[in-house]
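**Q** let's see this in three dimensions:
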Amino acid sequence: MRTFEYRLYPNKRQEHLLNTCLEQSRLLYNEMLEAVKAHYKETGKFLWKYDLSRRFKGRGGKHVPQSTVQCLAARLDNALRRFCARKALGQKAGFPRFKPPTRWRSIQLRQWGKGRDVYLGDDGRLHVPKKLGRTIKIKLHRPLEGTPRTCYLVRRADGHWYALIVCDVPVPKPDPQDDRPDIGLDVGLINFVADSEGNTIQVPKFFRKTQRKLRIEQRKVSRRKKGSRRWQKAKQQVAKTHLKIARQRRDWLHKISKQYADKFKRIFIEDLNVAGMARSHHLSKSIYDAAWAEFFALLSYKAESAGGQVVKVPARYTSQLCSNCGCIVAKSLSTRTHVCPHCGYIEDRDVNAAKNILRLGHSLQDSTWADGPSVS
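**A** Okay, the predicted model is just below:
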């Protein structure tokens, strides 16, 4: 499944309908959550998706399509099931929360197709239910791929509306004649990526570079009266800055991941517990700014689309081993150059780790490659 994002250009009436639907759907979700809590207090059992759909049938009123009401029930159902699954495993779990306006930005239109909830018409406009304005101008800056399944109408922090169309895209089978080489990648906080061919790419630090601007904007928020129009405008400006940082980072990650996905057949990476590493109070901001997990996700689907594969290997000792002789050379994080006292091999620390990752990946002899590209 892949998601394609397009900018929407609703007129004033349509924008009013979209904003009203967004607010009413948020209130409906909170009402569903209140019903779940009350039912659990009385019976000791939760209300699930179909129970909620029956109980709230016809509650959309003038502004919320019925299919969106069903999607709200499914959304709460998923949140409850994730909560129960984590509790069963003994993991830390947070119960679903009531949604304030700042945490509610999307309207789901479940079924794609002519005569259903949403589709692209021959007139080049997005057709939506009457409650949302019938037809909305959309900028199709790139063609859709695969079979559209569902659509989300999202209002970003910049105040603009976007259509996120989820498509079922077939994965190409690997070509037996593919003669592209393999490569190992090591990620870090100084070198974002170091590969086994000796190339390194520096961390762009989008958030760090914008921190001063954010501090100034956040001070404006703290100086203004909470709830006033000037306070709301200042808060919106902070949100816009965060949105710009996220877009810069994602655009850069798309470009880097595509370079590797197009050039190499198998890409070996470390199986990192990024969430666990981000618990470090000293490194968490830098780890989230680097966005390793997002890079791995983009790299995986781009490699699949190019007929390649991303393979995860154990991260143990990849930075300590000498890629030339295999001896362990202990070093701290501050040591950036690998110098082997046994064989005299000198290399950049991260490049040495990338070569170890490539060698380990080859030694594992991934047996799933013949079955098709996947992340193992």
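
**Q** in this structure, which helix is the longest?
**A** helix 229-263 (DSSP state H).

**Q** which elements pack onto the very next helix or strand once past that helix?
**A** Once the chain leaves helix 229-263, the next helix or strand it forms, by DSSP states H and E, is strand 266-270. Under the contact definition 3 or more Cβ pairs under 8 Å, 6 or more residues apart in numbering; DSSP states H and E, strand 266-270 sits against strand 183-187, helix 292-305, strand 309-313, helix 349-364. C-beta here means a position set from N, CA and C on the backbone, and glycine is covered the same way.

**Q** for strand 266-270, give me every contacting residue.
**A** 182-187, 260-261, 296, 299, 303, 308-315, 318, 357-358, 360-361, 366, 369 (Cβ atoms under 8 Å, 6 or more residues apart in numbering).

**Q** that strand: how far from the chain's middle?
**A** 20 Å (Cα atoms, centre = their mean, to the nearest Å).

**Q** list the contacts for W292?
**A** Neighbours of W292 in contact, by Cβ under 8 Å, 6+ apart: 187, 272, 274.

**Q** related to what we said a few turns ago, which among the contacts of strand 266-270 end up buried?
**A** 182-187, 260-261, 296, 299, 303, 308-313, 315, 318, 357-358, 360-361, 366 (16 or more other Cβ atoms under 10 Å).

**Q** look up how far L109 lies from C71.
**A** 8 Å (Cβ to Cβ, to the nearest Å).

**Q** got it, and G61?
**A** Following Cβ to Cβ, the distance that separates G61 from L109 is 17 Å.

**Q** between these two, who's got more neighbours?
**A** For G61 versus L109, the count of surrounding residues by other Cβ atoms under 10 Å is larger for L109: 23 against 11.

**Q** check what pLDDT the more buried one gets.
**A** Looking at L109, its pLDDT is 93.

**Q** now the helices for the stretch 101-250 of the chain?
**A** Using DSSP state H, counting those that start in this stretch, the helices of the stretch 101-250 of the chain run over residues 206-223, 229-263.

**Q** which elements pack onto the shortest one?
**A** Judged by 3+ Cβ pairs under 8 Å, 6+ apart, the packing partners of helix 206-223 are helix 229-263, helix 284-290.

**Q** how big is the angle separating it from helix 229-263?
**A** Using axes from the mean of the first three to the mean of the last three Cα atoms, to 10 degrees, the inter-axis angle of helix 206-223 relative to helix 229-263 is 170 degrees.

**Q** and helix 206-223, what's its mean pLDDT?
**A** On average, helix 206-223 scores 94.

**Q** quick one: contacts of that helix?
**A** By Cβ under 8 Å, 6+ apart, the residues outside helix 206-223 that reach it are 231, 234-235, 237-238, 241-242, 244-245, 248-249, 252, 285-286, 288-289.

**Q** let's see it at 7 Å
**A** By Cβ atoms under 7 Å, 6 or more residues apart in numbering, the residues outside helix 206-223 that reach it are 231, 234-235, 237-238, 241, 245, 248-249, 289.

**Q** go on, stretch 163-180?
**A** The contact list for stretch 163-180 (Cβ under 7 Å, 6+ apart) reads 1-6, 8, 126, 138, 144-154, 263-265, 304, 307, 372-373.

**Q** one more: stretch 318-333?
**A** Identification of contacts with stretch 318-333 by Cβ under 7 Å, 6+ apart yields 270, 317, 338, 340-343, 345, 349, 352-353, 355-357, 359.

**Q** circling back to that earlier point, make JSON lines out of the helices and strands packed on helix 206-223 and add mean pLDDT.
**A** Shown next, in JSON lines, are the helices and strands packed on helix 206-223 (pLDDT from 0 to 100):
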{"stretch": "helix 229-263", "mean pLDDT": "94"}
{"stretch": "helix 284-290", "mean pLDDT": "90"}
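
**Q** got TSV for the ones you listed, with distance to S334 too?
**A** Shown next, in TSV, are these (distance: least, Cβ to Cβ, whole Å):
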stretch	distance to S334
helix 229-263	26
helix 284-290	14
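
**Q** ok, back up a step: right, and the helices of the stretch 101-250 of the chain - which one's nearest K49?
**A** helix 229-263 (31.0 Å; Cβ to Cβ).
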